[in-house]
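*Asks:* model this:
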Amino acid sequence: MDIRALTPTYAVSPQITPEDLPMIKAAGFVTVIDNRPDGEIPPDLQTDEIRAAAEALGLAFVANPVIGGAITDHNVTTQREVISTSPGPVFAYCASGNRSSVVWALAQAGERPADELIGIPARFGYSLEWLRPVLDRG
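*Replies:* You can find the predicted model right below:
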């Protein structure tokens, strides 16, 4: 598993397994966001399986499935609310970490400069330049 910290309190990752959750907890995360729709993944990695394993370890778990190319206002609002209300660091995952980065950037628009919202994920190979017009508007 590859934890990619975008900020001290928010990290993204490609798809995780239930076996990854103890390491996520040990790294200090208290909330896990699943940004991957169940239709993309096998049954043993779907929301209910990861949720059960996360909650068994005392981690908060939020399902916020993001469909690539079809991010909704609800996705952005949910991500923003979870990040702002979590009592500690948030770990989000999807297929590659890209969608979790995109929805984070959109949720932070207006709070951070667009250059930062694009530059931070770029350190991990996520190209969010295409979001600049939206991020500049905040």
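*Asks:* for the helix or strand bottoming out on mean pLDDT in the chain, which positions count as buried?
*Replies:* The weakest-scoring helix or strand in the chain, judged by mean pLDDT, DSSP states H and E, is helix 132-137 (a mean of 89). Buried positions in helix 132-137, judged by neighbour count with 16 or more other C-beta atoms under 10 Å: L135. No exception for glycine: its C-beta is placed from N, CA and C like everyone else's.
*Asks:* Now do the strands in the chain.
*Replies:* Residue ranges of the strands in the chain, as given by DSSP state E, are 4-7, 10-13, 31-34, 60-63, 90-93.
*Asks:* Output those strands in TSV, with distance to K25, mean pLDDT and mean neighbour count appended to each entry.
*Replies:* Below are those laid out as TSV (distance: least, C-beta to C-beta, whole Å; pLDDT from 0 to 100; neighbours: other C-beta atoms under 10 Å):
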stretch	distance to K25	mean pLDDT	mean neighbour count
strand 4-7	15	97	18
strand 10-13	13	98	24
strand 31-34	9	98	25
strand 60-63	11	98	18
strand 90-93	9	98	26
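*Asks:* mind giving me a markdown table with those and columns for distance to I83?
*Replies:* As requested, those are exported to a markdown table (distance: least, C-beta to C-beta, whole Å):
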| stretch | distance to I83 |
| --- | --- |
| strand 4-7 | 9 |
| strand 10-13 | 6 |
| strand 31-34 | 8 |
| strand 60-63 | 10 |
| strand 90-93 | 5 |
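*Asks:* what's the closest of the ones you listed to R132?
*Replies:* Nearest to R132, of all the strands of the chain, is strand 4-7, at 17.0 Å by C-beta to C-beta.
*Asks:* For beta bridges, what are the partners of the spatially most central residue of the chain?
*Replies:* Residue closest to the average C-alpha location in the chain (C-alpha atoms, centre = their mean): A92, at 2.8 Å. Listed by DSSP bridges, the beta-bridge partners for A92 are V12, I33.
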